[in-house]
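Q: Pasting the sequence and the predicted coordinates here, then a few questions.
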Amino acid sequence: MARNGFILLLLLGVLTFAGGATGSDDWRTEFNDVCAKTTEAMALPQEELLLLIAKCERVEKALESQDETVRKVYLKRVQMCLGLFRYVADTRVPEVKATAPPAK
């Protein structure tokens with residue numbers, strides 16, 4: 001049991017170091033911002049959902065240049081966030097504006 005905990009801590013340390021060793025962590029900030037919005041996806045306006053989809057796609061591209069371990073872990077999560085935002089955006093029923101019936 002203690003060995004599994006040590007291995008987990010070692011893996012987390014490697015992920016942290018690998019991400020920091022690459023230089024710019026702009027993708028990580030954007031990743032955190034985007035994935036934090038998943039819990040409120042249904043309440044977000046359509047325009048914001050489209051912006052989040054674009055951000056997810058940018059993060060995906062940025063992850064392509066990361067090492068394999070970081071790429072695998074973060075890419076899976078950002079793809080899940082992207083899938084959720086696309087699903088919510090695609091299933092939204094456009095609001096129909098109420099109009100008065102024609103006068104007789």
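A: Thanks, I have it.
Q: Residues contacting stretch 80-95, please?
A: Identification of contacts with stretch 80-95 by CB atoms under 8 Å, 6 or more residues apart in numbering yields 34-35, 37-38, 41-42, 44, 46, 49-50, 52-53, 56-57, 60. Bear in mind the C-beta positions are built from the backbone N, C-alpha and C, glycine included.
Q: Skip ahead from the worst-scoring helix or strand of the chain on mean pLDDT and say which helix or strand is next.
A: None of the helices or strands of the chain scores lower by mean pLDDT, DSSP states H and E than helix 2-21, at a mean of 44. Scanning forward in sequence from helix 2-21 by DSSP states H and E, the next helix or strand is helix 26-35.
Q: Just the residues contacting that following helix, thanks.
A: 19, 52, 55-56, 58-59, 62-63, 66, 74, 77-78, 81.
Q: the inter-axis angle of the helix ranked longest in the chain versus helix 26-35?
A: The longest helix of the chain (DSSP state H) is helix 68-91. For helix 68-91 and helix 26-35, the angle between their directions (axes from the mean of the first three to the mean of the last three CA atoms, to 10 degrees) works out to 40 degrees.
Q: Give me the average confidence score over helix 68-91.
A: The pLDDT scores in helix 68-91 average 95.
Q: in that helix, what counts as buried?
A: Buried residues in helix 68-91, counting neighbours by 16 or more other CB atoms under 10 Å, are found at 70-71, 73-74, 78, 81-82, 84-85, 88-89.
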